[in-house]
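K.L.:
Give me a model of this one.
(chains A and B)
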Amino acid sequence: AQSVTQPDIHITVSEGASLELRCNYSYGATPYLFWYVQSPGQGLQLLLKYFSGDTLVQGIKGFEAEFKRSQSSFNLRKPSVHWSDAAEYFCAVGATNAGKSTFGDGTTLTVKP
Amino acid sequence: EAQVTQNPRYLITVTGKKLTVTCSQNMNHEYMSWYRQDPGLGLRQIYYSMNVEVTDKGDVPEGYKVSRKEKRNFPLILESPSPNQTSLYFCASTALARGANVLTFGAGSRLTVL
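P.N.:
From the prediction side, this is the model:
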C-alpha cells in the first residue's frame, strides 16, 4: 500500500530565510509525486509534480522539489520565503493513470516577519 | 473557467438528518473523489469514481454513499449523519490520461453535525 510521511507537523521560518519541507513516501513502483498548498479557507492548489525525467522539478511561486529514489524522499524547497507562503503544505503520492492519491498529514508553515 | 464546484460551502445539521453535498466539474474528467480533512489527519479519501457508474471505497467510506450517474457530477450522501462526520470535505477530479493525475480541488464544504 502506498503511504506518505511528512515528519514535521509545524515549521516556523523568518521571512527571507530558506525553507525545506520533508516528505517520505512508500510505493511499490515509480510513483507520481505531488506537492499541494492550502491557504487558510481555501482548497488545495498544485505547487509541482514529478512523473519522470529530471529529478529536480520546478513549481509555481518559486518552489522546487527533488526526487531521491534511494531515500524515498521528495522534499520541497524555497530559497527565500515570503510572508504569503504561510499555509499548509501536503505531499502526495499517486498511482500511474489511476487517479488515486494518498496524502501526508500536512506541514503548517508559519512565516515570522 | 475550469473548476470543481461544491455546494453547500457551509452546513450545520443535526444527527440523523439526511444530507447531500453536491460536486460538479466542467473539465470532462473521468476521475472524481471525495476527501475529508481533519486536524492532524491530513486528507483521507472517502470514495472515488473512475468513470460513470464506476465507484469504489476509499480509506474511510463508513457512513457515506456516492453515485456517479453523469460524468460531471459526484454527490456525497450522508444518510444518517453523526457528530463524528463533522469535518471539512473536498471534492476533486482529474483526467486519467498518462501524465495527468493532477487533482483539481473544490473550495471545500464545512459540515457540522450536532
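
K.L.:
where does residue A:92 land in three-state SS?
P.N.:
strand (DSSP: H, G, I helix; E, B strand; the rest coil).

K.L.:
Return the distance of it relative to chain B.
P.N.:
8 Å (C-beta to the nearest C-beta, to the nearest Å). All C-beta atoms are positioned from the backbone trio N, CA, C, and that covers glycine.

K.L.:
which residues touch the most centrally placed residue in chain A?
P.N.:
In chain A, the residue lying closest to the centroid (C-alpha atoms, centre = their mean) is residue A:35, at 3.5 Å. With contact taken as C-beta atoms under 8 Å, 6 or more residues apart in numbering or on different chains, residue A:35 is in contact with A:21, A:23, A:46-49, A:59, A:63, A:65, A:74, A:76, A:89-92.

K.L.:
switch the cut-off to 6 Å
P.N.:
A:47, A:48, A:65, A:76, A:91 (C-beta atoms under 6 Å, 6 or more residues apart in numbering or on different chains).

K.L.:
In the sheet, which residues pair with it? Tell me.
P.N.:
For residue A:35, the beta-bridge partners are residue A:48, residue A:91 (DSSP bridges).

K.L.:
give me the low-pLDDT residue ranges for the chain?
P.N.:
You didn't say which chain, so I picked chain A. Applying pLDDT under 70 to chain A flags residues A:96-99.

K.L.:
other chain: chain B
P.N.:
In chain B, residues with pLDDT under 70: B:98-100.

K.L.:
repeat that with 90
P.N.:
Applying pLDDT under 90 to chain B flags the ranges B:1-2, B:39-42, B:58-59, B:94-103.
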